[in-house]
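Trainee: Okay, predicted coordinates and the sequence, questions at the end:
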Amino acid sequence: MDEEKIDKLAKVLSKQIDKEIFERKYAPIREVLKLVGAGAFLAATIAIPNLPLALKPFLNYKRKNEMKAWKRFNIPYLKRAIQRLEKQKLVEIDVQDGIQIVKITNQGRQKIIKFALDELEIKKPKIWDRKWRLISFDLPEKLVRIRKILVEYLIAWGFYPLHKSVYLHVYPCLKEVDFLREYLGVSKYIRVFVVSTVENDEIFKDYFGV
């Protein structure tokens, strides 16, 4: 997954953070990482409380808003959270325009993708469109570990195992499957089919409750 897609994902995830969680003084580490990944950098006035007042007018509007966001947190706790993330190489401390900030690393971006994947779910629409989604895959033998991960996610998302490498779902799931196969780097080995008829479908209707 390229860096641009990862950055967009991080921004989407930051918007999904529950308002109650965001306003806590002690936000979970993963939520702090999401905010950093979304571009909400930790400004110097928080990382270094004694930043000279003369520098503050040079902070741009965006940075001032970021500072307001970060000040909602308990600052000593936030520093410890950032230090943990830095130790894990998920963020790095940098200086831009004389301002010390916290930036997410490529490893941190990958961590965000994993968070997103774990939070994804296939939602049940109000009305079933009476179509079936078939996921078919044929991964090389050397990718047996990736295949195991793929199947684990499909099962977790409620797919019905039709055959060893064919799984069935009743609700729209292309975005979720596309995200999963791109994350795993196996897009070329996986196909998604949307069909109107599946033979002897009563057992599947019972399974999905439609």
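Mentor: Nice, thanks for sending it over. Because the structure is a prediction, the values reported are computed rather than measured.

Trainee: Could you use CA atoms for every contact and neighbour count after this?
Mentor: Fine.

Trainee: Do a quick rundown of the strands in this protein.
Mentor: 91-96, 99-104, 132-137, 160-163, 166-169, 190-195 (DSSP state E).

Trainee: Now mean neighbour count and distance to Val151 too, for these, in CSV please.
Mentor: Below are the strands of the chain laid out as CSV (neighbours: other C-alpha atoms under 10 Å; distance: least, C-alpha to C-alpha, whole Å):
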stretch, mean neighbour count, distance to Val151
strand 91-96, 14, 31
strand 99-104, 21, 30
strand 132-137, 20, 10
strand 160-163, 14, 9
strand 166-169, 20, 9
strand 190-195, 14, 12
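
Trainee: Adding distance to Ile113, write those out as JSON lines.
Mentor: Listed next are these as JSON lines, based on distance: least, C-alpha to C-alpha, whole Å:
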{"stretch": "strand 91-96", "distance to Ile113": "15"}
{"stretch": "strand 99-104", "distance to Ile113": "13"}
{"stretch": "strand 132-137", "distance to Ile113": "22"}
{"stretch": "strand 160-163", "distance to Ile113": "25"}
{"stretch": "strand 166-169", "distance to Ile113": "23"}
{"stretch": "strand 190-195", "distance to Ile113": "20"}
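
Trainee: out of these, which comes closest to Asn74?
Mentor: strand 99-104 (16.7 Å; C-alpha to C-alpha).

Trainee: hmm, back to that, among the strands of the chain, which is nearest Phe179?
Mentor: Nearest of the strands of the chain (C-alpha to C-alpha): strand 190-195, 11.8 Å.
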